[in-house]
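# quick one, structure for this:
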Amino acid sequence: MATLIFGLPMAKTSKRTTIKKAGLQLICGLAFFFLLALSACQKQERSIELVWNDQQATGISIPKQLIQNFSAATTDPSIKVVLANGNKRAILGKFSTDNSALLFEPLIPLTPGLTYHILQNNQLIGQVLVPFNKNEKAPELLAIYPQLDTLPENLLKFYIHFSKPMRSGESLQFIHLLDKKQDTIRNVFLNLQPELWDTSSSVLTLWLDPGRIKRGLTLNRALGNPLKMNETYHLVISSAWKGQNGLKLAQTYRKTFVAGKRDDLAPDLKQWQLQVPVASTTAPLEIKTRETLDHYLLNESIGIVDQNNSLVKGKLSLDKRDQQVLFVPAKPWKAQRYRLQVDARLEDLAGNNLNRVFDRDITKSKSRNKSYYELGFEVKP
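Okay, the predicted model is just below:
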């Protein structure tokens, strides 16, 4: 009788089957990994990325796979970058290409906290969110000029100085003038677009509407002067205003002031007083203007020349009332005559400059046309 032996042959068959399965699983695993890696690479190639410079988002890299007719992308007017939830107005900037992507460089850095859409033929082809810098600080208000508590009834402008660049084009959404009852006064400020920012975007010039200040104009007749003498006012800057870094102001700021009498006189250098230093020292020349003048113009309008008509280098500083100027020379004074030169554009708080009064009847009052005015002084041994 034949004997059937099952053990050894069955064991060999089972082992071969196990090896085949293991090999098949290995092949499938490698194939899956390859496909996953390929998918990740394709996904990475198709992802929109921000370009950074000095911790600012200064560009958007858009992979060419997202662009129709990539070769003509830099001149294609149908491609634009817009703010999400905006009015689809194109962000100002320029496009350039390399072999793999279209690069958009905005005129000013992109704002943290905002999402930007990339459109082609007004169809969304991608978007990118600009993240906040975790170490970034909220902007603060450093000063409001003029700093006096009593300002002329015909005050022409404020300067608002922040610690960081602010978002422009929206200041009147966050700046309000309140009366003594804390009610908002309407139609006070001149709505300029573009707004008047300095080159750092941290100092805003805020004009009270000249049409309401100049007597006899239609707005003045209809609405009257923005400020009324002896009334108390509150200039309020809301904490909801964001800086270019996307962070809101550290707090709401308020300047309380009283409107004083009108100023209808041009600044007069004959009223200025000079305290002259002695030669061979770098003691300051002290200039007392005897009235508060425009903070920034005062800082820019004063120069000193020596007897050879050479500009004397030095540093200016102003007091808080913008009524006193100290000029410290870079080198010791010499025993000679000097001339203090003042640009005729220098204004007081009502916009009156050295050549003319701001609110005047041009049929009766003529303005002068000088570029600058001078005061002479002598430094003695």
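# in stretch 234-243, what counts as buried?
H234, L235, V236, I237, W241, K242, G243 (16 or more other Cβ atoms under 10 Å). For glycine as for every other residue, the C-beta is placed from the backbone atoms N, C-alpha and C.
# ok, now which ones touch the first one?
Which is H234. L177, L178, D179, Q182, R254, K255, T256 (Cβ atoms under 8 Å, 6 or more residues apart in numbering).
# got the domain ranges for the chain?
Per the record, the chain has its domains at 49-129, 141-260, 269-379, by automatic domain parsing.
# which SS class is the residue nearest the centre of the chain?
Geometric centre of the chain, nearest residue: S201, 2.2 Å, by Cα atoms, centre = their mean. The three-state label given to S201 by DSSP: H, G, I helix; E, B strand; the rest coil is coil.
# before we move on, what about the one 3 residues further on?
In the three-state summary, L204 is assigned as strand, counting by three-state DSSP.
# now it. Nearest residue, chain neighbours left out?
I160 (4.7 Å; Cβ to Cβ, 6 or more residues apart in numbering).
# quick one on the thing from earlier: could I get the domains of the chain as JSON lines with mean pLDDT?
Shown next, in JSON lines, are those (pLDDT from 0 to 100):
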{"stretch": "domain 49-129", "mean pLDDT": "92"}
{"stretch": "domain 141-260", "mean pLDDT": "95"}
{"stretch": "domain 269-379", "mean pLDDT": "94"}
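# now the ones you listed as JSON lines including distance to N135?
Supplementary listing: the domains of the chain in JSON lines, determined by distance: least, Cβ to Cβ, whole Å:
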{"stretch": "domain 49-129", "distance to N135": "9"}
{"stretch": "domain 141-260", "distance to N135": "11"}
{"stretch": "domain 269-379", "distance to N135": "31"}
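# what sits against the residue nearest to the centre of the chain?
So S201 contacts P165, M166, S168, Q244 (Cβ under 8 Å, 6+ apart).
# can you rerun that using 10 Å?
I108, F162, K164, P165, M166, R167, S168, E195, G243, Q244 (Cβ atoms under 10 Å, 6 or more residues apart in numbering).
# repeat for Y233
151, 155, 177-180, 185, 188, 226-227, 255-259.
# wait, which of these is closest to S96?
V188 (44.6 Å; Cβ to Cβ).
# count the neighbours of that closest one for me.
Burial of V188 is recorded as 20 neighbouring residues (other Cβ atoms under 10 Å).
# ok so, going back, quick one: which of the buried residues of stretch 234-243 is nearest G126?
For the buried residues of stretch 234-243, the nearest to G126 is K242 (24.5 Å; Cβ to Cβ).
# test my guess that the closest one contacts R167.
Yes: the pair K242 / R167 is scored as a contact, 5.4 Å apart, by Cβ atoms under 10 Å.
# which residues are in contact with both of those two?
T111, L114, P139, F174.
# check contacts around the third one.
Under the criterion of Cβ under 10 Å, 6+ apart, the neighbours of P139 are 162-167, 202, 241-245, 247-250.
# so what's the closest residue to L375 other than its chain neighbours up against?
Excluding its sequence neighbours, the residue lying closest to L375 (Cβ to Cβ, 6+ apart) is L340, at 4.3 Å. Applying Cβ under 10 Å, 6+ apart, we find L340 in contact with 269, 272, 274, 285, 287, 302-305, 312, 325, 327, 372-377.
# now, of those, which are buried?
Buried among the contacts of L340 (16+ other Cβ under 10 Å): W272, L285, I287, I302, G303, I304, V312, V325, F327, Y372, Y373, L375.
# from the residues you listed, which single one is nearest A73?
G303 (51.2 Å).
# what subset of the contacts of H234 is buried?
L177, L178, K255.
# mark which of the buried ones among the contacts of L340 are part of strands, please.
Within the buried ones among the contacts of L340, residues falling in strands by DSSP state E are L285, I287, I302, G303, I304, V325, F327, Y372, Y373, L375.
# which one of the residues you listed is nearest to G216?
The nearest one, if we look at these relative to G216 and count by Cβ to Cβ, is Y373, at 29.0 Å.
# what's the distance between the closest one and L354?
6 Å (Cβ to Cβ, to the nearest Å).
# what do these two both touch?
Shared contacts of Y373 and L354 (Cβ under 10 Å, 6+ apart): P267, D268, L269, S301, V342, D343, A344, L346.
# is it true that the fourth one touches S371?
No: in this structure S301 lies outside contact range of S371 using Cβ under 10 Å: 11.2 Å.
# now for those two: what residues contact both?
Q341, D343, A344, R345, L354.
# spatially nearest residue to N220, not counting backbone neighbours?
R212 (5.3 Å).
# my guess is the one you found meets L223, correct?
Yes: using Cβ under 10 Å, R212 is in contact with L223, at 5.5 Å.
# so what's in contact with these two at the same time?
N187, V188.
# give me the more crowded residue out of those two.
Ranked by neighbour count (other Cβ under 10 Å), R212 and L223 place R212 first, with 22 against 14.
# can you report phi and psi for the more buried one?
phi -90, psi -20 (degrees, to the nearest 10).
# one more: F70?
phi -60, psi -30.
# so what's the closest residue to it other than its chain neighbours up against?
Counting by Cβ to Cβ, 6+ apart, the nearest residue to F70 once its immediate chain neighbours are dropped is K64, at 4.3 Å. K64 makes contact with E45, R46, F70, S71, A73, T97, D98, N99, S100, A101, L102 under the criterion Cβ under 10 Å, 6+ apart.
# where do the helices of the stretch 251-381 of the chain begin and end?
Assigned by DSSP state H, counting those that start in this stretch, the stretch 251-381 of the chain shows helices spanning 295-301.
# over to the stretch 1-150 of the chain?
Counting by DSSP H, counting those that start in this stretch, the helices of the stretch 1-150 of the chain are 7-45.
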